[in-house]
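Participant: here is a sequence together with a model predicted from it:
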Amino acid sequence: AKAAARDVLSQHGFKIPSSEQLSAKRVDAAKLEANIKRKLTKEQKLAVIRAGREERGKYQSRTGIKQKKTGGLSNRQKEHKKAMPLAAKRAKIVKSREHKRKREKGSNKQFRGKKAWKH
């Protein structure tokens, strides 16, 4: 079965080396070593930190960045500026009218001093 498998693999272009060929090959010792990451010294750590700081831009507040923005207004600004919908406006007018009517209705019943009670 092994011989048949070897023959099939060789027909497809796969060459299986023999045990003698494998033992003759030299192995690089560096490839067998584990990649050990050494601890950084304080100076190295600080150098890494400083390099990271150089890449980053100067701190600015979010509003400061937004105000520098060119172009039109944001959707939020547009929505804030937009006129109130007509239905809401009418409801507000009705509410203020009712409030005014209640105030006027109660104004003649307000206490106007002791003399107002004598007839």
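Facilitator: Cool, got the structure.
Participant: can you pull out the low-pLDDT segments for the protein?
Facilitator: 110-119 (pLDDT under 70).
Participant: check the gap between the residue nearest in space to the middle of it and Lys69 for me.
Facilitator: Centroid-nearest residue in the chain, with Cα atoms, centre = their mean: Arg62, separated by 13.3 Å. Separation of Arg62 from Lys69 (Cβ to Cβ, to the nearest Å) stands at 11 Å. The C-beta positions use only the backbone N, C-alpha and C, and glycine is treated the same way.
Participant: any idea how far Ile65 is from Arg38?
Facilitator: In terms of Cβ to Cβ, Ile65 sits 40 Å off from Arg38.
Participant: again, but for Ile49
Facilitator: Distance from Ile49 to Arg38, by Cβ to Cβ: 18 Å.
Participant: which one's more surrounded, the two?
Facilitator: Neighbours around Ile49 and Arg38, counted as other Cβ atoms under 10 Å, are more numerous at Ile49. The numbers are 9 against 6.
Participant: just the CA trace of the helix or strand hosting the more buried one, in CSV.
Facilitator: Counting by DSSP states H and E, the element that carries Ile49 is helix 42-55. Taking C-alpha atoms only, helix 42-55 is exported to CSV below (Å, rounded to 0.1, in the frame of the first residue of the first chain):
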residue,chain,number,x,y,z
LYS,A,42,12.9,51.8,30.7
GLU,A,43,14.7,53.8,28.0
GLN,A,44,13.3,51.5,25.2
LYS,A,45,9.8,51.8,26.7
LEU,A,46,10.1,55.6,26.8
ALA,A,47,11.4,55.7,23.2
VAL,A,48,8.3,53.6,22.0
ILE,A,49,6.0,56.0,23.9
ARG,A,50,7.6,59.1,22.4
ALA,A,51,7.4,57.6,18.9
GLY,A,52,3.7,57.1,19.4
ARG,A,53,3.2,60.7,20.6
GLU,A,54,4.8,62.1,17.5
GLU,A,55,2.3,60.3,15.2
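Participant: who touches it?
Facilitator: Leu40 (Cβ atoms under 8 Å, 6 or more residues apart in numbering).
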